[in-house]
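Asks: Need coordinates for the following:
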Amino acid sequence: MYQETLPQGITLDEPVRLSVEADLLPDGTFGRELLVVTDAKLRVLTEDGAGAHVRLEMPLAGLKEPKAESVVGGGVLEVSQDSLRIELVRYSSARIPRFTTAAKLLEKWLKGEEAKIPPVEEQRCPRCGLPLEKGTKVCPACLPKTRTLRKLVGYLGPCWKAALALSLIAMGSTAVGLIPPYLQKPLMDQVLSPPSGEAKPLNQRLTLLALLVAALLGVQVVRSMASVVQGWLSAWLGNRITHDIRCQLYRHLQYLSLRFYDKRELGGVISRVNQDTGQLQAFLVWGTQDLAMDFLLLVGIGAMLFTLNWKLALLVFIPAPIVAVLSTMFWMRIRFYMHRFFHRWGRLNALLNETLTGLRVVKVFAQEPREVARFNSRSQDLATSGVQAERIWSTLFSGLTLLILVGTLLVWYIGGRSVLFQEMSLGTLVAFMTYVLMFYQPVQSLSMLLNWSSRSLTAAERVFEVLDIRPEVAEADDAVPMPRIEGRVEFRGVTFGYEPHRPVLKSVGFDVKPGEMIGLVGQSGAGKTTTINLLCRFYDADEGEILIDGIPIRKIRVEDLRHQLGVVPQDTFLFSGTIADNISYAKPGATQEEVIRAAKIANAHDFILRKPDGYETWLGEGGQGISAGEKQRLAIARAVLHDPRILILDEATSQVDVETEKQIQEAISRLVKGRTTFAIAHRLSTLKNADRLIVLKEGAVTEIGTHDELIAKEGEFAKLVKTYQEISKVREVAR
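Replies: Okay, the predicted model is just below:
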């Protein structure tokens with residue numbers, strides 16, 4: 001929560017309890033207003049060109065029902081006074097969370113309750129001011145490149161011997177590669193074109209020629225062998241590091257909270273695992289090797305150039321500062337477009353994953369042209385980003401090539417004059433020019449590697465950005481083991497929203513005894529599934545707490561909790577594999593007898609035997625090859641085999657016919673004995689056997705009792721039953 005500073009010229013006699021800044025004026029235009037609450041009054045301060053003044057002032061005593069209402073593009077904070085609704089301030093979408101919190105605080109204060117201002121939850125980068133991902137203090141926009149490089153180098157730790165060997169081989173190969181140009185000097189000056197009067201006898205020159213050629217051959221053989229070993233080592237090292245990063249990223253994604261996936265497209269997440277790590281692998285296998293070789297070549301060749309002729313060497317280095325400046329300038333631009341390129345690639349993958357997964361829906365509504373158009377649009381965006389990046393790189397490469405050509409021509413001219421005036425031998429010039437050509441090759445290569453490394457470092461940043469995010473549902477340091485759960489569950493004033501400023505559950509409270517079967521009832525959106533999500537600890541409550549056997553759920557080891565929970569979800573998901581594999585997913589070591597027993601309890605045994613390969617029948621992705629009702633029964637069998645202490649049935653019979661439903665209900669009645677069970681069902685008749693029903697409406701508990709008690713009460717549950725009966729009559733008439 002924010003405590004904003006009062007504008008200059010505004011003084012209050014009372015201490016300020018709360019002050020929150022709004023960024024919209026009453027007419028909807030951008031401006032600054034301040035909501036100020038003291039012990040006795042509420043004020044709205046407005047700042048304009050003339051300064052700050054009090055636009056609205058009213059005593060707290062007459063105010064009721066403060067609410068932060070969402071509207072298009074933002075929100076409005078309102079209160080009631082004398083049965084009239086009064087608009088206090090308007091604000092943009094970015095400020096919805098703080099004003100939602102302000103409304104809650106104001107509501108408690110108006111009721112005379114004590115409430116403390118919570119700490120600021122929104123974190124921003126201190127450098128650029130952009131909001132940070134919850135659970136991390138790393139800003140992707142300000143992430144230093146040295147940090148990314150240090151992280152990559154850190155993965156060399158387990159393979160330091162191979163990395164050291166690769167470095168030594170690279171240094172040795174580079175040093176050996178500097179020998180051939182130097183041998184051209186005696187080849188020209190002593191063998192092929194010796195100065196007049198200094199020529200040796202022909203037989204000596206022939207012997208020297210043979211020795212020089214043999215030396216050149218030996219150098220090439222050594223370099224070839226070193227290149228082979230270097231290629232093997234670099235390939236192994238690069239793939240090993242990429243494998244480690246990929247596995248670490250996938251493992252990290254497995255343990256991230258569901259809220260992370262709620263805000264992201266699945267295809268974009270997948271692109272981090274395969275596409276970004278693939279870019280990283282190519283760079284680690286070849287890019288780093290080439291970078292190291294080019295750097296060593298520049299150092300070694302520079303030393304040889306100064307050894308041969310330091311004056312000419314200075315001419316070679318004239319373009320170097322310009323190259324450095326241009327590279328630095330273009331690096332930032334390329335990096336910007338690379339971030340955009342990878343972002344749009346992720347969006348394209350997300351669309352591809354979504355449309356192919358929902359291909360049946362696309363075909364049912366004949367929307368193939370629409371999806372093709374969407375794909376073409378995103379592919380065009382990706383192509384545009386690629387073109388922009390390539391244009392910048394090609395401009396840089398052409399500029400560097402021109403500079404290199406100018407430097408080479410200068411050396412030819414000055415060196416040629418030196419030879420003509422007999423200030424330098426021809427062999428020295430030939431050796432020098434060979435080194436010059438060798439010198440500019442790594443310079444050109446470095447300009448190409450600049451483009452490659454910008455792509456790879458951008459990919460690395462995207463990978464490390466995910467790795468830096470901490471799971472919101474994290475295991476407490478003082479978590480206690482719970483090898484056996486008895487099944488007592490208690491919700492104490494639980495409030496939760498998938499977005500904190502929009503609560504789905506509001507002060508939910510109830511107590512469930514061990515072995516009791518509880519039915520969760522309510523209209524769609526009432527919060528039934530959300531209640532189950534919190535019990536499974538897919539999310540943590542914003543307010544209040546959940547206790548199991550008297551221990552707060554945050555203090556229980558997550559592994560112990562999940563091992564003793566069994567869930568039959570509304571949307572059944574099956575993996576590619578055999579029917580037996582899917583049933584035994586929660587218990588991989590289950591015997592065939594245990595699998596068959598679970599299938600019989602779930603009334604799945606008979607239809608499994610009718611399949612061509614029985615329990616070894618192969619199911620496609622998502623359970624392709626069996627009906628929705630059969631999927632549901634396999635999910636129930638999976639939960640049965642898991643043998644949980646707390647069983648959760650989320651519309652467990654929603655996709656089966658009436659006859660099968662009766663059989664499954666009989667199986668469930670045997671299964672729930674001795675277990676705490678939570679059942680959600682729109683078919684209210686399926687909850688008659690529940691010990692108690694909890695009725696939810698708009699996120700709050702409205703009624704708790706047995707089926708007969710709630711019917712007799714003629715409250716919310718009775719209305720739901722009546723509505724369901726009327727719908728059933730309509731269905732019967734339709735038949």
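Asks: So which residues of the stretch 251-400 of the chain form strands?
Replies: Read by DSSP state E, counting those that start in this stretch, the stretch 251-400 of the chain holds no strands at all.
Asks: for the stretch of helix or strand Val595 belongs to, packing partners?
Replies: Using DSSP states H and E, the element containing Val595 is helix 592-601. Applying 3 or more Cβ pairs under 8 Å, 6 or more residues apart in numbering; DSSP states H and E, one finds that helix 592-601 contacts helix 579-583, helix 605-609, helix 628-642, helix 658-671. All C-beta atoms are positioned from the backbone trio N, CA, C, and that covers glycine.
Asks: In a markdown table: those, plus distance to Phe342, mean pLDDT and mean neighbour count.
Replies: Conversion of those to a markdown table gives the following (distance: least, Cβ to Cβ, whole Å; pLDDT from 0 to 100; neighbours: other Cβ atoms under 10 Å):
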| stretch | distance to Phe342 | mean pLDDT | mean neighbour count |
| --- | --- | --- | --- |
| helix 579-583 | 35 | 89 | 23 |
| helix 605-609 | 45 | 89 | 16 |
| helix 628-642 | 36 | 83 | 24 |
| helix 658-671 | 48 | 68 | 16 |
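Asks: Redo the ones you listed as CSV? Include distance to Arg344.
Replies: Converted to CSV, those look like this (distance: least, Cβ to Cβ, whole Å):
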stretch, distance to Arg344
helix 579-583, 37
helix 605-609, 46
helix 628-642, 36
helix 658-671, 47
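Asks: Nearest residue to the middle of the protein?
Replies: For the chain, the residue nearest the mean C-alpha position is Val466 (4.7 Å; Cα atoms, centre = their mean).
Asks: That one and Leu348: what is the separation?
Replies: 19 Å (Cβ to Cβ, to the nearest Å).
Asks: rewinding a little: tell me which residues touch the residue lying closest to the residue nearest to the centre of the chain once chain neighbours are set aside, please.
Replies: Of all residues not flanking Val466 in the chain, Arg272 sits nearest, at 5.8 Å (Cβ to Cβ, 6 or more residues apart in numbering). The contact partners of Arg272, by Cβ atoms under 8 Å, 6 or more residues apart in numbering, come to Leu249, Gly346, Arg462, Val463, Val466.
Asks: Check the secondary structure at the first one for me.
Replies: So the one you mean is Leu249. On the three-state scheme (DSSP: H, G, I helix; E, B strand; the rest coil), Leu249 is labelled helix.
Asks: That one contacts Ser271, doesn't it?
Replies: No. Using Cβ atoms under 8 Å, Leu249 makes no contact with Ser271, being 11.6 Å away.
Asks: which of the contacts of Arg272 lies closest to Asp477?
Replies: Closest approach between the contacts of Arg272 and Asp477, by Cβ to Cβ: Val466, at 23.6 Å.
Asks: Tell me which helix or strand that closest one sits in.
Replies: helix 426-467.
Asks: what about the closest residue to Asp262 other than its chain neighbours, distance to Val504?
Replies: Excluding the flanking residues, the one nearest Asp262 by Cβ to Cβ, 6+ apart is Tyr498, at 6.3 Å. Remark: distance between Tyr498 and Val504 (Cβ to Cβ) = 6 Å.
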